[in-house]
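In: Here you go, sequence then predicted model.
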Amino acid sequence: YIGTVKDGVTLSRIVSQINFACTKADWDNHTVKPVSSSLVLKSAPYAFSLTDGKILPGTKDIAYSKANLPSGTDAMLGANYRLLTAYSFAAAAPELTTVSAELKLWKEDSTNHDYLLQVSNVDLQINKHTNVTGDILSMAK
């Protein structure tokens, strides 16, 4: 928290946000678009100590299960199409928390994922967002 009880208490965010987004051109080039996505963040911190105010040692895989993609204005991330947004604990500045990620995308009526994107060395930082963008649909096969 920041401040005293007398002045009021403000809680600070202790998480990092990670966004996956595909370029508009790449999205437009695919006639059949994904409708669902899932994400596994590998080696992400799993605990935050309120008494010490820091990330505790230890990591695990954090899974975001298959869910609908954002829609409407939520689907836009700048000029890109947002595929998934997730959150994780992250070390305080200037330290970085490095994770790997596995993003899966499904087309309508698919039983198995149609796109798979695996990235390593994604640097997350507390109170910051990290954007993984590019021609994701073309790269994720």
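Out: Received it, and whenever you're ready, just let me know what you need. For clarity, every value in this text was computed on a predicted model and none was experimentally measured. Residues are numbered from 1 along each chain as shown.
In: all helices for the protein, in order.
Out: Taking DSSP state H, the helices of the chain run over residues 24-29, 136-139.
In: Buried ones in the shortest one, by neighbour count?
Out: Read it as helix 136-139. By neighbour count on 16 or more other Cβ atoms under 10 Å, the buried set for helix 136-139 is 136-137. C-beta coordinates here come from the backbone N, C-alpha and C atoms, glycine included.
In: picking that back up, compare the helices of the chain and give me the one nearest D61.
Out: Shortest separation from D61 across these is recorded for helix 136-139, at 20.7 Å, computed as Cβ to Cβ.
In: Can you tell me what sits against the closest one?
Out: For helix 136-139, the surrounding residues in contact (Cβ atoms under 8 Å, 6 or more residues apart in numbering) are 20-23, 26-27, 29-30, 34, 83, 103, 105, 115, 117.
In: re earlier: quick check: which of the helices of the chain is nearest to L50?
Out: helix 136-139 (36.2 Å).
In: Could you export that closest one as PDB, CA atoms only?
Out: This file holds the C-alpha atoms of helix 136-139, laid out as PDB (Å, rounded to 0.1, in the frame of the first residue of the first chain):
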ATOM      1  CA  ILE A 136       1.100 -14.100 -35.500                       C
ATOM      2  CA  LEU A 137      -1.400 -16.100 -37.700                       C
ATOM      3  CA  SER A 138       1.200 -16.500 -40.400                       C
ATOM      4  CA  MET A 139       3.900 -17.500 -37.900                       C
END
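In: Give me the distance from that helix to the chain's centre.
Out: Its chain's C-alpha centre and that of helix 136-139 lie 17 Å apart, by Cα atoms, centre = their mean, to the nearest Å.
In: Equivalent analysis for stretch 119-133, please.
Out: Mean-position distance between stretch 119-133 and its chain equals 8 Å (Cα atoms, centre = their mean).
In: what's around A101, how many residues?
Out: Here the number of neighbours of A101 (other Cβ atoms under 10 Å) works out to 25.
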